[in-house]
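# build me a structure from this.
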Amino acid sequence: MTYYLAVDIGASSGRHILGSLQNGKIELEEVYRFENGMRDENGTLVWDLDALTNEVLAGIRQCAAIGKTPSFIGIDTWGVDYVLLDEHNDPLLPAVAYRDARNAIAMEQVEKILPFETLYARTGIQKQTFNTVYQLWADKQSGKLSRAKRLLFIPDYLTWRLTGVMENEYTIASTSGLLDAEKKDWDFGLFDLLGYPHEIVGPLSFPGTAVGPLREAVAAQVGFSALVLHAPSHDTAAAVAACPIDDESVYISSGTWSLIGTENRRPVTNDAARRANFTNEGGVEGRYRFLDNIMGMWLFQRIRAELGKKYTYDELMEMAKTGSYPGTFDCTSPALLAPESMLTAIRGLLGDPALPLPDVLQSVYHSLASSYDRAVKQIESLSGKTVSRILIVGGGSKDRYLNAYTARVTGKTVVTGLSEATALGNLLTQIMYDKQIDLTAARQIVKDSFDIKETKA
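Numbers count the residues shown, from 1 in each chain. This is a model prediction of the structure:
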């Protein structure tokens, strides 16, 4: 039996999922799970690189412990964040997290040199304060960039720790705002405008290509060797790879963020797309993920944490059903990015500081579904497609109330059943490499393997 291992790390948790093909169907088995999260270090939000690396290794060791050693391994994570390495290949700490407040100031300064209209026409990446292009400016201003010899995005860094090979993978790099959208390569003209050194990045590698075997020391530590591949290193690219979509479908990768979009063969970088703030990120087989980035389950995650995690997500869902509040708020508001109190931030956006908890929760559902409806209409207008189905994948697809409300508000059929889509897309890319099949054949495996459920409008 050939096993494939997806190391799938989100901003709030990570998981190691084994995949195997049996009778043309893919079987999934979670072997390890861990919590992740940024922490406050002297007023800066940062990632703990050593903890992340140790969790990745622990999950790989667990495969050996249960006697199911994978032949292939791929890693995917959230986008935009990176690690700078010095001349000795030591990380220049801290590894600042994308929600840190420094980014808003950096974006304002960059736009004085490089107006967003120009940046978007070249990169096709939507305006977000945390894009890598802005984060690097903050590192330049602090002097950190001048000490850097290499930039590795988070999955690139973890892959290097496993293999000793430094490469930049395309889908994760495409989130940066530093690539030429048409050429699928670094836009070094942007580097020159902003004073970023060319040599900190390397040639791009594409999903489904080999990186190398585990380093000898790592293989000895985990108990076996395996070939590490470039999965779609960006988690949304992996999730979309698993979606059996067509020209009448849009997807929502529903996790910490709700990424809603369609799949195109060419980037859309016109003024209408820029005004709608849609992004063009890289996908498998050179496809483009044309999508909107909406605050997603992060809203519920922070509310639950603020309440001391005394309620499960299902209990919060049932509480929301008892609310009667019709109001909505802007799910893309910067006020929701990293507030001290999510409940206070939402009540502030709604203009009612005393709004009861059930009504706050119901407003989150209303606001998310309304955001999805607006995004679908924009996709139809910008792409010329007529959408009949919304495929909701990822952990957020388990929220039955949100699925039903989305169907009702949008008037579209909602399709669910792929709660582990990100890990699944990671695994499918490994299978594509191993079995020499294309994305169409890989998506057929998904259709044959899972119980896809529909919720009619």
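
# where do the domain boundaries of the chain fall?
4-229, 235-457 (automatic domain parsing).

# among the ones you listed, which gets the worst mean confidence?
Mean pLDDT is lowest for domain 235-457 among the domains of the chain, at a mean of 94.

# before we move on, back to that, dump the domains of the chain to a markdown table, plus mean neighbour count.
All C-beta spots, glycine's among them, are computed from the backbone N, C-alpha and C. Converted to a markdown table, the domains of the chain look like this (neighbours: other C-beta atoms under 10 Å):
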| stretch | mean neighbour count |
| --- | --- |
| domain 4-229 | 19 |
| domain 235-457 | 19 |
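
# how close does the nearest residue to Y405 once chain neighbours are set aside sit to V393?
Excluding the flanking residues, the one nearest Y405 by C-beta to C-beta, 6 or more residues apart in numbering is A369, at 4.6 Å. Noted for A369: a distance of 17 Å to V393, by C-beta to C-beta, to the nearest Å.

# those helices in the stretch 1-150 of the chain, which residues are they?
49-65, 102-113, 116-123, 132-142 (DSSP state H, counting those that start in this stretch).

# wait, which of the ones you listed is closest to Y401?
helix 49-65 (31.8 Å; C-beta to C-beta).

# return the closest one as PDB; C-alpha atoms alone will do.
C-alpha atoms of helix 49-65 as PDB (Å, rounded to 0.1, in the frame of the first residue of the first chain):
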ATOM      1  CA  LEU A  49       8.900  28.600  14.000                       C
ATOM      2  CA  ASP A  50      10.500  26.000  16.300                       C
ATOM      3  CA  ALA A  51       7.100  24.900  17.600                       C
ATOM      4  CA  LEU A  52       5.700  24.600  14.100                       C
ATOM      5  CA  THR A  53       8.700  22.600  13.000                       C
ATOM      6  CA  ASN A  54       8.500  20.300  16.000                       C
ATOM      7  CA  GLU A  55       4.800  19.600  15.400                       C
ATOM      8  CA  VAL A  56       5.500  18.800  11.700                       C
ATOM      9  CA  LEU A  57       8.100  16.300  12.800                       C
ATOM     10  CA  ALA A  58       5.900  14.800  15.600                       C
ATOM     11  CA  GLY A  59       3.100  14.100  13.100                       C
ATOM     12  CA  ILE A  60       5.500  12.500  10.600                       C
ATOM     13  CA  ARG A  61       6.900  10.300  13.500                       C
ATOM     14  CA  GLN A  62       3.300   9.300  14.300                       C
ATOM     15  CA  CYS A  63       3.000   7.700  10.900                       C
ATOM     16  CA  ALA A  64       5.900   5.300  11.700                       C
ATOM     17  CA  ALA A  65       4.400   4.700  15.100                       C
END
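
# show me what it is packed against.
Helix 49-65 sits against strand 4-9, strand 13-22, strand 25-35, helix 154-163, helix 216-222, with contacts defined as 3 or more C-beta pairs under 8 Å, 6 or more residues apart in numbering; DSSP states H and E.

# from S383, how far out is N277?
Taking C-beta to C-beta, one finds N277 at 15 Å from S383.

# mind listing what F130 touches?
Taking C-beta atoms under 8 Å, 6 or more residues apart in numbering, we find F130 in contact with V80, Y98, R99, D100, N103.

# want to try CSV for those residues, with distance to N89 as columns?
Converted to CSV, the contacts of F130 look like this (distance: C-beta to C-beta, whole Å):
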residue, distance to N89
V80, 22
Y98, 23
R99, 27
D100, 24
N103, 26
